[in-house]
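Visitor: mind folding the following:
(chains A and B)
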Amino acid sequence: MTGTHPVLETRDLTIRFGGHVAVDAVSCRFDPGTLTAIVGPNGAGKTTYFNLVSGQLPATGGQVLLYGEDVTRAPAPLRTRKGMGRAFQLTNLFPNLPVLENVRLAVQARAGLGLNLVSMWSAHVELIERAEHYLERVSLLERRATLAAELSHGDQRKLEVAILLALEPDIFMFDEPTAGMSVDEVPVILDLIHEIKAQKDKTILLVEHKMDVVRSLADRIIVLHQGQLVADGQPEEVIASPVVQEAYLGVGKSA
Amino acid sequence: MITTLLSGDRMGSRALTAILAAIVLALAFAPFIFPGTRALDVAAKVCVFVLLVASYDLLLGYTGIVSFAHTMFFGIGGYGVAIALSRMEVGWAALAAGTLAALALSLALSFLIGLFSLRVKAIFFAMITLAVASFFQILASQLSGLTGGEDGLTFRIPELLRPRLAAYYLVFGAALALFLALLRVVNSPFGRVLLSIRENEFRAEALGYRTVVYRTIANCLGALVATLAGALYALWLRYTGPNTTLDFAIMIDILLMVVIGGMGTMYGAVIGAAIFVVAQNYLQAGMKALSESLKGAPLLPELFHPDRWLLWLGVLFVLSVYYFPRGIVGQLRAVR
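Guide: Numbers count the residues shown, from 1 in each chain, chains lettered A, B, ... in the order given. Predicted coordinates for the structure are as follows:
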């Protein structure tokens, strides 16, 4: 859609913590309309890779390219404004603000209204309505006035997803969106990811441990092991490949 | 109408509404209700400190910025007016020049402090503000040719403001207008971002807000309002000196007033400043009466001797923090 450049690309992306190389020269391209699942054992560097891509950690080496533009040194807010949206693995909300306000802040960021000092926030009804719309999509609307800290773990995960939706990104980055959710809550999130996929123009990155979830959603799987990209391809062949069997089943499936 | 004036910031408690209304009415009609210069002095000081504490609440309560330089900006306002009025021909031009120069200096200083240190950890920011404020305090006492040193500056004010009534209503009106403006800022989309920064700066960044920009703007706004509060106070006292503006004791008073009133509530500034300033001025007199009435009883008259007033102010503070950890406003809202 934007010429020859992929939406998102990493070239030899690397980060070292002292002597430990947490992400080791990962090169990968991501295209719209594709859901790429990133799998690997605990400590493989999946979340760290996400942090490098969305700007929460500074890379030690390599590049992150967004629509062909080098954003390796760009701060996280800039990457968000350029279309990256991130949901966090460890729930990362505004704990003492109401559920609706958590989402409204994301809508407001998307609308670029943050530097308005003279109007009342409550006068921007359209922002509130859009926030309500996203809460409804994760079936949290009835909890709108509850403080985020008082939600159950599953509901906090849903709120996390609602905030991501509200940013209306081009690139969705989900980090174990269903972790810790009860069995009957998981489909709400999976249906949402299916809906985003159906839009065709969105690029989706998903870190996930549950293989059944990966199978049902992924168009492509990449495998990280000890910070390195060890496999990349169609779900069936990647799952069947010896390197995955060893890396994954050898260590033991967790969570 | 009232909702718009208050920018939709709900009181959330009937008791709170009643207390606030009582304070505002008392201040609005202070010259007629409370006779005597002492009472009017206290009322004017309450107005100034409501503004000063509210502007500090913007930093501490809403944005989570811990600054010890607030009295410095308060002092810049005071000295700006004092220097202009004592060196130039007394009049509105001098007053305007002094105030504008003070505002410009505060803006530049707060911007620089913000730019260099708001990126780093909160504790470093607090330390830097402490250092800059100490430096400024020393500077003010050393540059005695300009600032009058430890003696400060006494000056004359424009003719129109010489009647106490006129001066009082200037202080009251300006404080009210600026307080309502601050109330609007904290209830604007911008103010909501400040809250999100206080709650989870990391996430605010991930939403696309450049938090350093927001923190710097909040820091500058707080400094500008503190400067205006300082200018108003100087006009009221017709005097500016280290003890009325730059003293760290005042910084501590501001902190206490924010905490007693309730951080991050704005209305807390009104209640905190009113209680604190009144206690500061009348606790001694009250204790004197109490001590004399207890004459003859063992120990008690000594315990309530007017000289112990600071001790009792301390006790009041400890009790209020212990029983109202969220401040008076937070407590009133919780029990509604």
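Visitor: helix or strand for the residue most central in space within chain B, which one?
Guide: With distances taken as Cα atoms, centre = their mean, the residue of chain B nearest its centroid is B:Leu52 (2.1 Å). Counting by DSSP states H and E, the element that carries B:Leu52 is helix B:37-57.
Visitor: one step back: the residue nearest to the centre of chain B contacts B:Ala229, doesn't it?
Guide: Yes. Using Cβ atoms under 8 Å, B:Leu52 makes contact with B:Ala229 at a distance of 4.3 Å. Any C-beta I mention is one placed from the backbone N, CA and C, and that applies to glycine too.
Visitor: pull up the overlap in contacts between these two.
Guide: Here B:Leu52 and B:Ala229 have B:Phe74 as joint contacts, going by Cβ atoms under 8 Å, 6 or more residues apart in numbering or on different chains.
Visitor: the helix holding B:Leu52 packs against which elements?
Guide: On a contact count with 3 or more Cβ pairs under 8 Å, 6 or more residues apart in numbering or on different chains; DSSP states H and E, helix B:37-57 meets helix B:14-28, helix B:30-33, helix B:70-87, helix B:164-186, helix B:211-237, helix B:248-261, helix B:267-293.
Visitor: tell me the mean pLDDT over that helix?
Guide: Across helix B:37-57, the average pLDDT comes to 97.
Visitor: what do you get for stretch B:153-165?
Guide: According to the model, stretch B:153-165 has a mean pLDDT of 93.
Visitor: what's the first-to-last distance across it?
Guide: Using Cα to Cα, to the nearest Å, one end of stretch B:153-165 lies 23 Å from the other.
Visitor: and it, which residues are buried?
Guide: Residues of stretch B:153-165 classed as buried by neighbour count (16 or more other Cβ atoms under 10 Å in any protein chain shown): B:Leu153, B:Phe155, B:Ile157, B:Pro158, B:Leu161.
Visitor: could you do stretch A:207-216 as well?
Guide: Neighbour-count burial for stretch A:207-216 flags A:Val207, A:Glu208, A:His209, A:Met211, A:Val213, A:Val214 (criterion: 16+ other Cβ under 10 Å).
Visitor: name the surrounding residues that touch that stretch.
Guide: Residues from elsewhere that reach stretch A:207-216 (Cβ under 8 Å, 6+ apart): A:37-39, A:46-47, A:50, A:89, A:174-179, A:186, A:190, A:206, A:217, A:221, A:235, A:239, A:253-255.
Visitor: what do you get if the cut-off is 7 Å, keeping everything else the same?
Guide: A:37-39, A:46-47, A:50, A:174-176, A:178, A:190, A:221, A:235, A:254-255 (Cβ atoms under 7 Å, 6 or more residues apart in numbering or on different chains).
Visitor: closest to A:Arg29 among those residues?
Guide: Among these, A:Ile38 lies closest to A:Arg29 (Cβ to Cβ), at 13.5 Å.
Visitor: and the gap between the residue of the stretch 151-255 of chain A found nearest chain B and A:Glu195?
Guide: Residue of the stretch 151-255 of chain A nearest chain B, by Cβ to the nearest Cβ: A:Leu167 (6.7 Å). The gap separating A:Leu167 from A:Glu195 is 16 Å, by Cβ to Cβ, to the nearest Å.
Visitor: comparing those two, which shows the higher neighbour count?
Guide: Each of A:Leu167 and A:Glu195 has its neighbours counted (other Cβ atoms under 10 Å in any protein chain shown); A:Leu167 has more, 23 against 12.
Visitor: bridged to the spatially most central residue of chain A, which residues?
Guide: With distances taken as Cα atoms, centre = their mean, A:Met173 lies nearest the centre of chain A, 1.9 Å away. As for beta bridges, A:Met173 partners with A:Arg86, A:Leu205 under DSSP bridges.
Visitor: mind listing what it touches?
Guide: A:Phe50, A:Ser54, A:Met84, A:Gly85, A:Arg86, A:Ala87, A:Leu205.
Visitor: any weak-confidence spans in the stretch 201-336 of chain B?
Guide: B:336 (pLDDT under 70).
Visitor: name the nearest residue to whichever residue of it sits closest to chain A, ignoring sequence neighbours.
Guide: Closest contact between the stretch 201-336 of chain B and chain A, by Cβ to the nearest Cβ, is at B:Gly208 (3.7 Å). Leaving aside its chain neighbours, B:Gly208 sits nearest to A:Thr80 (3.7 Å; criterion: Cβ to Cβ, 6 or more residues apart in numbering or on different chains).
Visitor: part of a helix, is the one you found?
Guide: Yes. Per DSSP: H, G, I helix; E, B strand; the rest coil, A:Thr80 lies within a helix segment.
Visitor: where does it land on pLDDT?
Guide: Confidence score, pLDDT, at A:Thr80: 95.
Visitor: how far away is it from B:Glu205?
Guide: A:Thr80 is 8 Å from B:Glu205, where distance means Cβ to Cβ.
Visitor: could you do B:Met1 as well?
Guide: For B:Met1 relative to B:Glu205 (Cβ to Cβ), the value is 38 Å.
Visitor: which of those two has more neighbours?
Guide: For the pair B:Met1 and B:Glu205, the greater number of neighbours falls to B:Glu205 (22 against 5), based on other Cβ under 10 Å.
Visitor: test my guess that that one contacts A:Ala74.
Guide: No. B:Glu205 is beyond contact range of A:Ala74, at 11.9 Å (criterion: Cβ atoms under 7 Å).
Visitor: near chain A, which residues of the stretch 51-200 of chain B show up?
Guide: With Cβ under 7 Å from any Cβ of the partner chain as the criterion, the stretch 51-200 of chain B meets chain A at residues B:Arg184, B:Val185, B:Asn187, B:Ser188, B:Pro189, B:Phe190, B:Arg192, B:Val193, B:Leu195, B:Ser196, B:Glu199, B:Asn200.
Visitor: scan those and report the most crowded one.
Guide: B:Val193 (30 neighbours).
Visitor: and that residue, what does it touch?
Guide: A:Gly114, B:Ala204, B:Tyr209, B:Tyr214.
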